[in-house]
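Chemist: With the input below, show me the fold.
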Amino acid sequence: MTAPPQSLADRAHDRLTRDILTRRLAGGETLVEGRLAETMGVSRTPMREALSRLEGEGLLVRQGSGGFAVRQVSVREFFHALRVRMMLEPDAAAAAARSEAPPVHGIAALRAHRPPVRRRAPSLAALGRGRQPAPPGRDDGSADDGRSTKPLV
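Modeler: Coordinates of the predicted model:
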């Protein structure tokens, strides 16, 4: 089974995602749509679509001028995300081990076999809402959610 060819917006999205995750595009860096489009050899329309998708995924933030910047992640958010992964990944791995789905290789194959998404996952910012700040004197990047007194680091 071959995956359908990627659209220009998909290719731009994938490349920008990779550049952000490998920190080739650093947190806080302003992105210029026209320059990015020219660099990647696409028109502004697919680049605009890719940038909007990345904003929706939480990797970019819209600036007052209508442009985008790479989202900066605080130490607190980083450790919170690790904590969430520590809670979710063991169950996900166990479910995958029990699955009778055929093995898939590569991103295109994974996309072709993914189940439909029923609801959008909350952003890191939404996950942090309603949490109490770390107690005074505890500046280790952890937050008090009432379940643990152990620091994250």
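
Chemist: just checking, Ala12 touches Thr45?
Modeler: No - using C-beta atoms under 8 Å, Ala12 is not in contact with Thr45; the gap is 10.2 Å. Every residue, glycine included, has its C-beta placed from N, CA and C.

Chemist: so what's Thr17 up against?
Modeler: Residues in contact with Thr17 (C-beta atoms under 8 Å, 6 or more residues apart in numbering) are 54, 59.

Chemist: Quick check: chain neighbours aside, which residue is closest to Leu8?
Modeler: Take Leu8 and drop its neighbours on the chain: the residue closest to it by C-beta to C-beta, 6 or more residues apart in numbering is Pro46, 3.8 Å away.

Chemist: Please disregard the earlier target; I meant Arg71.
Modeler: Nearest residue to Arg71 in three dimensions, chain neighbours excluded: Val61, at 5.0 Å (C-beta to C-beta, 6+ apart).

Chemist: Output the below-cut-off pLDDT ranges for this structure.
Modeler: Residues of the chain meeting the criterion pLDDT under 70: 1-3, 100-104, 107, 110, 113-153.

Chemist: Would you map the helices across it?
Modeler: 8-21, 33-40, 44-56, 75-98, 106-113, 124-128 (DSSP state H).

Chemist: Out of these, which gets nearest to Phe68?
Modeler: The closest of these to Phe68 is helix 44-56. By C-beta to C-beta, the value is 5.2 Å.

Chemist: List the buried residues in the closest one.
Modeler: Buried residues in helix 44-56, counted by 16 or more other C-beta atoms under 10 Å: 46-51, 53-54.

Chemist: Spell out which residues sit in contact with Glu29, please.
Modeler: 69-70.

Chemist: For it, give its distance to Arg23.
Modeler: To Arg23, Glu29 is 10 Å away according to C-beta to C-beta, to the nearest Å.
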